[in-house]
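Engineer: how would this look folded up:
(2 chains)
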Amino acid sequence: NAGVTQTPKFRVLKTGQSMTLLCAQDMNHEYMYWYRQDPGMGLRLIHYSVGEGTTAKGEVPDGYNVSRLKKQNFLLGLESAAPSQTSVYFCASSSAPRGVAGGPYNEQFFGPGTRLTVL
Amino acid sequence: DAKTTQPPSMDCAEGRAANLPCNHSTISGNEYVYWYRQIHSQGPQYIIHGLKNNETNEMASLIITEDRKSSTLILPHATLRDTAVYYCIVSTRSARQLTFGSGTQLTVLP
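Structural biologist: I've put the predicted structure just below:
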């Protein structure tokens, strides 16, 4: 049971280049999220998905696109990278809210992060 | 418009209890208090959550005041591995987004 995995772990891009970050989870979670974390700050939500084929914007979506073609995967794309997108990117997943008798509410499981530098 | 206020840093001696405070004076009736921590450069890790009753699990205890305007996370016997940034978050049960503030940097000293 690998949990949440992210590929790649590190990447250096030049301004204007594109790339895709891959997140995979093996916990059969319905919800998946992409966050970014800048130095000394908390995490900020970029996009999220509540199910296969659905995505929605978070707090800081500009400059990013996402896709959720399979339940277990959530892709984050940068079409034209900018130095302002230098950050650590974390993916997370969670189960959908259950009834009162369900498990931990809204517990999100995070991946190890991808450190992206845009020159 | 911060929902929670936490001290930026705290120290604790190894083996002693670490008490991390959080102020959430504008919490609404359907919002839970969640605690996560982030050990250096790793992804955040869920610790505990509560609505109005005190909660305990294998990692920590959560004490919520009766008026729910503040809470305290207690690590009963802190170890060096508990050194991390601790985030207090208020959120509804079905909310998609967890809003992470700056958190409290807890340093456990030998």
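
Engineer: So the closest residue in space to residue B:77 that isn't next to it in sequence, which state does it fall into?
Structural biologist: Excluding its sequence neighbours, the residue lying closest to residue B:77 (C-beta to C-beta, 6 or more residues apart in numbering or on different chains) is residue B:15, at 5.8 Å. Placement of C-beta: from N, CA and C, glycine included. Put simply, residue B:15 is coil when judged by DSSP: H, G, I helix; E, B strand; the rest coil.

Engineer: now do the one 4 residues further on
Structural biologist: Of the three states, residue B:19 takes strand under three-state DSSP.

Engineer: Can you name the residues that contact it?
Structural biologist: Residue B:19 is in contact with B:72-74, counting by C-beta atoms under 8 Å, 6 or more residues apart in numbering or on different chains.

Engineer: how about a cut-off of 7 Å?
Structural biologist: Residues in contact with residue B:19, defined by C-beta atoms under 7 Å, 6 or more residues apart in numbering or on different chains, are B:72, B:74.

Engineer: per-residue pLDDT, the residue nearest to residue B:77?
Structural biologist: At residue B:15, the pLDDT value in this model is 96.

Engineer: So it sits against residue B:75, correct?
Structural biologist: No - the criterion here is C-beta atoms under 7 Å, and residue B:15 misses it with residue B:75 at 10.8 Å.

Engineer: More neighbours: these two, which one.
Structural biologist: residue B:75 (21 against 11; other C-beta atoms under 10 Å in any protein chain shown).
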